Structures are given as C-alpha cells and as structure tokens.
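J.: next input, structure requested:
(one chain, ligands or ions: 2)
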Amino acid sequence: MEEIKEAESTEKKSLSFVEQIVLDDLKAGKNGGRLNTRFPPEPNGYLHIGHAKAICMDFGVAEKFGGTCNLRFDDTNPVKEDVEYVDSIREDIHWLGFDWGNREYYASDYFPQLFELACRLIKEGKAYVDDQTSEQIAEQKGTPTTPGTESPYRNRTPEENLDLFIRMNNGEFDEGARVLRAKIDMASSNMHFRDPIMYRIIKTPHHRTGTTWKVYPMYDFAHGQSDYFEGVTHSICTLEFVPHRPLYDYFVDELADETYRPRQIEFNRLNLTYTVMSKRKLLQLVKEGLVEGWDDPRMPTISGMRRRGFTPRSIRNFIERIGYTKYEALNSVSLLEHAVREDLNAIATRGMAVMNPVKVVITNYPEGQTEMVEMDNNPEDPTAGSHSMPFSREIYIEREDFMENPPKKFFRLAPDGEVRLKGAYIIKCTGVKKNENGEIEEIYCTYDPDSRSGLPGASRKVKGTLHWVSVPHAVDATARLYDRLFNVENPSAETERDFRELLNPDSLKIVEGIKVDPFIAENAKQGAKFQFQRIGYFTSDLSSTPEHLIFNRTIGLKDSWEKEQKK
Ligand code: ATP
Ligand code: MG
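T.: Ligands and ions are numbered 1, 2, ... in the order given. This next block holds a predicted model:
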C-alpha cells in the first residue's frame, strides 16, 4: 500500500503541467477518451534543439498516455518552403527516437476544406475581401489601448466578397492587391481579433500542390482547422501563441461540436546561452557562408549536433532536466554539454591520440621491437572489453607534456623526471635534441622494463601519466576543434550590434597531422565516438574516409556546469 502511494506521488511529481492537463482531460473522458497530438514544423529550415523540446513533448506525452502524435508539415507559404527541409525534418525526428507511423500530414492537404470553410464564412458575412495594402491594414490596427479603424471595404456584400475571393484564387489579381479578412471586431482588446487576415495571394508554385492555388491561408486560420480535420485533441505549442488562443478557439467554433474539439496548450520555448535559435538567422548563417551548412557542427540544429557527435539520449536527457513551464527562461548551454559528456562517458570508446606530437626515443628499448599492450575500451562499462595497442622504441607524446624548466607542480615529463606511459612503462627523461631555432625535436628517455602491468614493478608510483602513440604505427588525422559559435551569452538580446558581429572568430580550429593509434583508425567509421584519453570526446566526421580521417571534437573533458551551479 505504502509503495503504491509512493509510486503515485512520484508519478505526480514527474508530470509536467501539460501532461497533467492531458491526463485530466483523459480522466474526464473528453474527446471520447482519445489522445492525439501533433508536431507541426514549417518546412522552411532544419530543425534545431528548440524543436527537439517541442518534439519530446508532442511525441512524449502521446507515448506516455497511450495516444498518437501526427507529423504535420505546416506548408502554407510556398515562398520559403522546400522538400529538402521536409526530408531533413523526417530524418531528425527519427534520429531523436520518435516515430509517427503513417500519420504524416500536410496543411496543404487541407487547402480544399479550408477554402470551402472560407467561402462559408464569406456567405455568412463573417469574412470580407479587403483591397487595401498590408501597410494600410497595419496602420488601421490601432494599439492595445486604442481601437482600430474599420476598413472601407468591410461592408461589401457576401456575393461581391465571394466573387472577389474566387477571382483572387483564379490568379486575376496581383500578390498584395487583396486579402481575405475575418470580420470580427476592430475594437477588440485582443489585437488578434481585429479582423485578422485569413488568406493572401501568392503566385509562387507550391512544392506539393504546384499551381493549383493562388491564395494561401494564414497560420491562425490554417492551424486550428488542420488540428480539427486531423482529429488532434491537444495542440501543444509555445508561449508566444497564448494571445492567439482565443482566435484559435473562435475558428474552431466554426467546426467543432460537443463530442470533439482540439485544445491549445502553451509551454515555454527553449532559449540557450551563446546560441541563436531563430530559423531566419540560422538560414542567414548558411546562405552567407558563415557556417558550412545547416549541419555544421557549430549549429544548434539537430543535424549539426548529430554531426558534432551529440547523442539522441543526451539531448533527450537535457530536455527532461530543463522541463516545461509557463515562464520564458534562458537555459545554460553548459547543461546541454554536461548531458552530452555524461552520455559519451558511458558509451565512447577510449583510445589514444596525440594532438601536438613530439617524438620520444626510448634509448634502452630494442630497435625494431614492437609489443602489444592492453587498453580498456571503457572503464565505465565492464562489458566493453579491451583492445591492444602497439608500443615501440619511438613514441609520440604531447609537446605540452614536456617542459625543460618546469615549475614546481608540473607532474609531466621533465629532464631526469619519471612518468608512466598509460598502459605501458615508466620512462625517465635523459636529454633532448633541439633544432637551430632552439625548438625541441626529440626527447630521449630510458624505460624501466619491470614497470609494465603484470610485472613486479607495475605498482611503482610516479606522479604523472601520459598518453602516447607508437611512431611507426601512428596514423595521421585531422581534428576539428569546435567552440561556441557566439561570443556573447545572449546574442538575441543584443540590440546595438547585428548578430553576425557577435560570432566567435575562434569557433573552429583545424589541426592537421594529429597522430592516432591504429585501433582508432581502424574503427573510425563515420559517426564513431571516441574518448581520446586526456583530451576529450571526438566523433568521426561525415566526410571522414580511411585515407583522410577527420575527427570532430564533440566536447572537451572539463565540465563547466557544476562550476556554474556553485556560482
Ligand atoms: P517560424 O514559425 O518562425 O518559422 P518556428 O521556430 O516557430 O519558426 P516551426 O517550424 O513553426 O518553427 O516550429 C514547429 C514547432 O516547434 C512549433 O510548435 C513551435 O512552437 C516549436 N518550437 C519552435 N522553436 C522552439 C523553441 N525554441 N522551443 C520550443 N519549441 C519550439
Ligand atoms: Mg512557427
């Protein structure tokens, strides 16, 4: 009994306010006990992490309570839309781990019904054709505290309106020459009720309906109706639609009855530090070549994050942690990075790579000899096994891991000092060779043959442990080191400067000639995830080939989230 109570209370605690509303509706038997949500992207760009938050809600709540979620492309503006976007949206939702089965819909599927409904509203005197320009209409809107002005065309007869609307759709008038408006109330305290535009003329062909239509419905007229036609019960969206909700309900009233009506619920959108989320701005970055495409690993797009090496689970964990509220917030990108690190720590294969190599010659190690040493694939995962790695007389270490005149607390390699080579021997520095510029070319060491794991000297303690790669076995690769795309914490809040001036000039550093262990090279199929020991998490890029290995740095090892929390 106690246990059940506890389960109920944790269940209750973990429900978001949206889930609670849905649950209450189900319990009250609304809509015949059906639950159907939808995710409604406009195919005018690639999905970003903000969309992932909406996807996790729309698909997640349906999954949780035994309902279904439709994928509906909100394709009501042919000028900005493209099939490339449709395809990428599908791929990204699947990658996040959600599926819409055969419930893939398009707002354009409803153009005939929407047109019919518009004609009905015209006949009932609830809509009229306005010949004014959009500027004139905007001027007459009024302000939240002063009423708007009625259009001189507002009292046309239904016959005249219907004739004009049909001719608008036949292509008789130019774009912008006329619009169809709902006849509601120019003095309403809700600005959205001041005769909102229902249809505008667009002559660009549509990617699905071609040149069939010359008039296209506006969001407010299309969305609720599409929800209704599809049988959607809960239309979950973001807070900026709160003031649209009365209009949503107004249009739905034209269709719904007591047995079924869709309901709009709003939650806070995701905003991230050091990130812009506006599709318009992201498109600009792509179009102007400021990034390498929608899937550039610095982009906040799902495809960019995938290419960078983020996992679906890390994104979903992050979204679960930030939760859903009714208040706008700015979330820290460090929390997302924390979630990525956490998941990669659990799944990434450990391997050795040297980013800035300097050669070490082990003078007492037999020339031409190679021995294999064992490395854990992942100490966090007892089932991950191990792999072997070649060790020989010449190895690479990081240049930064050697200092000729080290400060006191330098526990890496220095003259006469000892370090352990991870998984192999303890070495002692006996000298260096420099070039004419005084740069170190080679470091000379001796090794303690007794110090390898399994041998009597294995437990001998030295302060530092270095990663390394055997020179004759090393494979060259390119590393792309990514940093945040923007330099300022909240680029969208900047009013003085254009967002492009806020770009971080060091967001990408390309390092050629890193040295990776053959095990990494052999397993570096595109998308493979590694932890380069002591360096960070890396993922083989989409363009990586066995002949030219390219690794994206997904994230460094150091976590800034916990530090941020202590501030
Ligand atoms: P726009 O409408 O300006 O093109 P949008 O970002 O709203 O941009 P849509 O394709 O309309 O793009 O978005 C689809 C769904 O994703 C909508 O329900 C929207 O509310 C949701 N969404 C978009 N951005 C975010 C965000 N940052 N956080 C949470 N949900 C978002
Ligand atoms: Mg939108």
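
J.: skip the chain neighbours and tell me the closest residue to Glu328.
T.: Asn268 (5.4 Å; CB to CB, 6 or more residues apart in numbering). Backbone N, C-alpha and C define where each C-beta goes, glycine included.

J.: pretty sure the one you found sits against Tyr327.
T.: Yes - between Asn268 and Tyr327 a contact is recorded at 5.8 Å, counting by CB atoms under 8 Å.

J.: give me the more crowded residue out of the two.
T.: Asn268 (18 against 7; other CB atoms under 10 Å).

J.: any idea how far that one lies from Glu404?
T.: Counting by CB to CB, to the nearest Å, the gap from Asn268 to Glu404 is 55 Å.

J.: just give the nearest non-adjacent residue to Val276, would you?
T.: Nearest to Val276 is Pro491, by CB to CB, 6+ apart, at 5.2 Å.

J.: spit out the contact partners of the one you found.
T.: Tyr274, Thr275, Val276, Phe499, Leu502 (CB atoms under 8 Å, 6 or more residues apart in numbering).

J.: for ligand 1, what's the nearest residue on the protein?
T.: Gly50 (2.2 Å; CB to the nearest ligand atom).

J.: now that residue, what's its secondary structure?
T.: Taken by DSSP: H, G, I helix; E, B strand; the rest coil, the conformation at Gly50 corresponds to helix.

J.: ok, how many other residues are close to it?
T.: That count, for Gly50 with other CB under 10 Å as the rule, works out to 18.

J.: check it and give its pLDDT.
T.: Gly50 is assigned 98 on the pLDDT scale.

J.: now the one 4 residues further on
T.: At Ala54, the predicted lDDT confidence score is 98.

J.: any idea which element it lies in?
T.: Taking DSSP states H and E as the definition, one finds Ala54 inside helix 49-64.

J.: residues contacting the residue of the chain closest to ligand 1?
T.: With CB under 8 Å, 6+ apart, Gly50 has these contacts: Arg269, Leu270, Asn271, Met277, Pro300.

J.: phi first, then psi, for the last one.
T.: When quoted as degrees, to the nearest 10, the phi and psi of Pro300 stand at phi -80, psi 20.

J.: tell me if I'm right that it and Leu47 touch.
T.: No - applying CB under 8 Å as the test, Pro300 and Leu47 come out as separate, 9.9 Å apart.

J.: more neighbours: these two, which one.
T.: Counted by other CB under 10 Å, Pro300 and Leu47 do not tie: Leu47 has more neighbours, with 26 against 23.

J.: what does the model give that one for pLDDT?
T.: pLDDT for Leu47: 98.

J.: that one: what's it in contact with?
T.: Pro41, Ile55, Ser88, Ile89, Asp92, Ile93, Thr301, Ile302, Ser303.

J.: look up the closest residue to the last one, ignoring the ones flanking it.
T.: The shortest distance from Ser303 to any non-neighbouring residue, by CB to CB, 6+ apart, is to Asp295 (3.8 Å).

J.: what's the helix or strand for that neighbour?
T.: Per DSSP H and E, there is no helix or strand for Asp295.

J.: mind listing the helices for the stretch 251-400 of the chain?
T.: Along the stretch 251-400 of the chain, counting by DSSP state H, counting those that start in this stretch, helices occupy 279-287, 302-308, 312-322, 333-347.

J.: make TSV from those helices and add distance to Ile197 and mean pLDDT to it.
T.: Compiled in TSV, the helices of the stretch 251-400 of the chain are given as follows (distance: least, CB to CB, whole Å; pLDDT from 0 to 100):
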stretch	distance to Ile197	mean pLDDT
helix 279-287	20	97
helix 302-308	32	98
helix 312-322	34	98
helix 333-347	37	97
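
J.: hey, which of those is tucked in deepest?
T.: helix 302-308 (a mean of 24; mean count of other CB atoms under 10 Å).

J.: what about that one, near ligand 1?
T.: No - counting by CB under 6 Å from any ligand atom, ligand 1 has no neighbours in helix 302-308; the shortest distance is 11.9 Å.

J.: before we move on, what about stretch 225-239?
T.: Yes - Stretch 225-239 reaches ligand 1 (CB under 6 Å from any ligand atom) through Cys237, Thr238.

J.: how far off centre is that stretch?
T.: Its chain's C-alpha centre lies 24 Å from the corresponding centre of stretch 225-239 when counted by CA atoms, centre = their mean, to the nearest Å.

J.: mind listing what's buried in it?
T.: Residues 225-230, 232-238 are the ones in stretch 225-239 that count as buried (16 or more other CB atoms under 10 Å).

J.: what is the most widely separated pair among the residues you listed?
T.: The most widely separated members of the buried residues of stretch 225-239, counting by CB to CB, are Phe229 and Thr238 (22.2 Å).
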